[in-house]
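> Whatever this is, show me its structure:
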Amino acid sequence: MSLDPHIADRYVEVAGRKIRYIEKGEGRALVCLHGVGFSLSADMWLPHLDAFAAISRVICLDIPGWGLSDPLPEPTFQAWADTLKGFADALGITEMDVFGYSVGGWIACLTARDHPGLVRRLVLLDAPGMNIEAPNFIANFKPPSREHLKEDMEMHAGDAACLYATDAQVDAMMARLSRPGAEDAYRAAAGEVANPESRRANALHSVFPVLTMPILIAQMDNAGAVLIRYMFEAYQLAPNGRMLIYFGGTRRFVHGVRPVAEATAIEFFTAESVPPAPRK
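Numbering: from 1, shown residues only. I've put the predicted structure just below:
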């Protein structure tokens with residue numbers, strides 16, 4: 001179940017596997033994709049659900065290998081992109097906005113490349129895809145203690161930690177992550193994310209130039225897993241890209257969607273038009 005008792009879990013079948021998602025609101029679909037951390041899932045978007053639901057039909061799913069979705073027998077970047085397209089088809093979505101965090105942004109870019117016209121506007125936050133070397137925390141993964149899980153949930157919830165990282169919610173997430181098969185599914189998914197050959201084959205250097213929709217590339221100035229230079233490289237390659245750099249964070253608060261990123265994303269998604277960013 002969702003960590004918010006007021007938001008029901010939903011499931012849809014994609015290629016014979018159940019994909020878990022949560023949703024709220026009406027209007028144009030805004031699909032939100034979580035990051036690579038073991039504890040991440042659709043629930044990472046709970047602190048932002050109300051704000052996004054005020055402007056759209058916001059839909060957050062568990063990428064296979066995370067959360068409560070059925071894992072893929074052989075997780076690959078392409079299989080995740082195909083799953084996202086199948087998910088959209090299953091929900092009758094023919095055009096959508098996407099907010100991708102971390103590896104969720106990578107998957108969103110591959111999906112947009114493969115299916116022109118499906119993604120109207122795209123926000124990428126701390127999104128990898130330009131960096132071939134994987135962050136150390138993937139290779140050094142081990143299941144978190146309850147204390148470390150609570151810290152991780154608090155970091156991603158930010159100012160809403162008092163609502164979405166309570167002791168009861170930490171216990172519920174600990175039970176979810178401890179269920180049979182969850183660790184194996186994550187290790188397989190994280191192994192693909194960390195695989196240098198897979199990262200090289202799916203690197204976004206050749207993808208950004210063909211993505212013509214408006215793209216907002218956002219990052220905190222001291223994010224560790226994805227160096228800020230990769231953000232500049234992505235911006236330079238994306239024909240209709242623009243950047244958001246927000247400053248002043250400490251190492252503890254580089255994770256998750258901060259209020260400035262939420263507000264800027266809403267402005268970006270609701271703007272009547274997004275003119276091309278000026279280029280020299």
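
> the strands in this protein, which residues?
Here the chain has its strands, by DSSP state E, at 10-14, 17-24, 29-33, 57-61, 96-101, 119-125, 215-220, 241-246.

> just checking, what packs against the last one?
Identification of packing neighbours for strand 241-246 by 3 or more C-beta pairs under 8 Å, 6 or more residues apart in numbering; DSSP states H and E yields strand 215-220, helix 228-237, helix 259-270. No exception for glycine: its C-beta is placed from N, CA and C like everyone else's.

> hey, which helix or strand in the protein has the poorest pLDDT?
Least confident helix or strand of the chain, by mean pLDDT, DSSP states H and E, is helix 136-139 with a mean of 80.

> what's that helix in contact with?
Contact with helix 136-139 is made by 36, 190, 193-194, 225, as judged by C-beta atoms under 8 Å, 6 or more residues apart in numbering.

> can these go into JSON lines with extra columns for pLDDT and distance to residue 135?
Converted to JSON lines, the contacts of helix 136-139 look like this (pLDDT from 0 to 100; distance: C-beta to C-beta, whole Å):
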{"residue": "36", "pLDDT": "93", "distance to residue 135": "8"}
{"residue": "190", "pLDDT": "95", "distance to residue 135": "10"}
{"residue": "193", "pLDDT": "95", "distance to residue 135": "9"}
{"residue": "194", "pLDDT": "93", "distance to residue 135": "8"}
{"residue": "225", "pLDDT": "67", "distance to residue 135": "4"}
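
> Could you list the low-confidence segments of this protein?
The chain contains residues with pLDDT under 70 at 222-225, 248-256, 279-280.

> Helices of that one, start to end?
Ranges of helices in the chain, per DSSP state H, are 46-53, 77-90, 103-114, 136-139, 146-157, 161-164, 167-177, 182-194, 196-201, 228-237, 259-270.

> right, so the ones you listed: which one is the most enclosed?
helix 103-114 (a mean of 25; mean count of other C-beta atoms under 10 Å).

> which other residues reach that one?
31-36, 63, 77-78, 80-82, 84-85, 98, 100, 118-119, 122-129, 193, 202, 204, 207-208, 210-211, 213.

> Now the buried members of those.
Neighbour counting by 16 or more other C-beta atoms under 10 Å classes 31-36, 63, 77, 80-82, 84-85, 98, 100, 118-119, 122-129, 193, 202, 204, 207-208, 211, 213 among the contacts of helix 103-114 as buried.

> out of the helices and strands packed on strand 241-246, nearest to residue 149?
strand 215-220 (22.2 Å; C-beta to C-beta).

> and the closest one, which strands flank it?
strand 119-125 (parallel), strand 241-246 (parallel) (DSSP bridges).

> mind checking how far residue 155 is from residue 121?
Going from residue 155 to residue 121 by C-beta to C-beta, to the nearest Å gives 27 Å.

> Then residue 163?
From residue 163 over to residue 121 (counting by C-beta to C-beta), the distance is 28 Å.

> Now residue 126: phi and psi?
phi 50, psi 40 (degrees, to the nearest 10).

> I'd like the strands of the chain laid out as a markdown table, including distance to residue 89.
Listed next are these as a markdown table, based on distance: least, C-beta to C-beta, whole Å:
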| stretch | distance to residue 89 |
| --- | --- |
| strand 10-14 | 8 |
| strand 17-24 | 12 |
| strand 29-33 | 12 |
| strand 57-61 | 13 |
| strand 96-101 | 11 |
| strand 119-125 | 14 |
| strand 215-220 | 23 |
| strand 241-246 | 27 |
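
> how about those strands, which one is nearest residue 134?
Using C-beta to C-beta, the nearest of the strands of the chain to residue 134 is strand 96-101, at 16.5 Å.

> Dump the closest one to CSV, restricted to CA.
Taking Å, rounded to 0.1, in the frame of the first residue of the first chain, the C-alpha atoms of strand 96-101 are listed here in CSV:
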residue,chain,number,x,y,z
MET,A,96,2.3,13.2,-21.4
ASP,A,97,4.7,15.5,-19.5
VAL,A,98,7.4,13.7,-17.6
PHE,A,99,9.4,14.5,-14.5
GLY,A,100,12.3,12.2,-14.2
TYR,A,101,14.5,12.0,-11.1
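
> what angle separates it from helix 146-157?
Calculated by axes from the mean of the first three to the mean of the last three C-alpha atoms, to 10 degrees, strand 96-101 forms an angle of 140 degrees with helix 146-157.

> strand partners of strand 96-101, parallel vs antiparallel please.
Going by DSSP bridges, the partners of strand 96-101 are strand 29-33 (parallel), strand 119-125 (parallel).
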